[in-house]
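Enquirer: with the sequence up front, the predicted model follows.
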Amino acid sequence: MTDITKPKAGALVPPTSPARILRPYLRGGEAAELIGVSIRTLEKYRCTGGGPPFLKVGFRVLYLREDVEAWLQRHRCQNTSDDNYVAALREMPSRRNRP
């Protein structure tokens, strides 16, 4: 019996397979989806700060799943008066030329 969480070298892995879901590193699109923002917003966070920590490996940007989850926990809010809510508003990229 083979372990479905460890595909053979060169095998294509479906996006919802356990091997893909459980791996520790996320690509930009996967991290953006987990956070609930666009890829472009995540790119802005990398330039301006305020986003989750990331790794740059060659041309690839990776996020450690536990770093993204910890970043989300730090930004939890109980209400709009919460200090985390106010801090999150300050971290948001500016919306230039938009009403």
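Expert: Sure thing, it's come through.
Enquirer: going by C-alpha atoms from here, please, whenever you check contacts or count neighbours.
Expert: Fine.
Enquirer: so where's this protein shaky on pLDDT?
Expert: Where the chain drops to pLDDT under 70, the residues are 1-22, 82, 84, 86-99.
Enquirer: helices of this protein, start to end?
Expert: Using DSSP state H, the helices of the chain run over residues 18-22, 28-35, 39-48, 65-74, 83-91.
Enquirer: what's the fourth one packed up against?
Expert: Looking back up the chat, that one is helix 65-74. helix 28-35 (3 or more Cα pairs under 8 Å, 6 or more residues apart in numbering; DSSP states H and E).
Enquirer: tell me what angle the helix it packs on forms with helix 39-48.
Expert: Helix 28-35 runs at 100 degrees relative to helix 39-48, counting by axes from the mean of the first three to the mean of the last three Cα atoms, to 10 degrees.
Enquirer: residues making contact with helix 28-35?
Expert: 38, 39, 42, 61, 62, 63, 65, 68, 72 (Cα atoms under 8 Å, 6 or more residues apart in numbering).
Enquirer: got it, and stretch 62-72?
Expert: With Cα under 8 Å, 6+ apart as the criterion, stretch 62-72 contacts 24-28, 31, 35, 51-56.
Enquirer: let's see that with 7 Å instead.
Expert: With contact meaning Cα atoms under 7 Å, 6 or more residues apart in numbering, stretch 62-72 is reached by 24, 25, 26, 27, 28, 31, 52, 53, 54, 55, 56.
Enquirer: now, those that are in strands?
Expert: Of the contacts of stretch 62-72, the ones assigned to strands by DSSP state E are 25, 26, 27, 55, 56.
Enquirer: which parts of the longest strand anywhere in the chain are buried?
Expert: Longest strand in the chain by number of residues (criterion: DSSP E): strand 60-64. Residues of strand 60-64 classed as buried by neighbour count (16 or more other Cα atoms under 10 Å): 61, 62, 63, 64.
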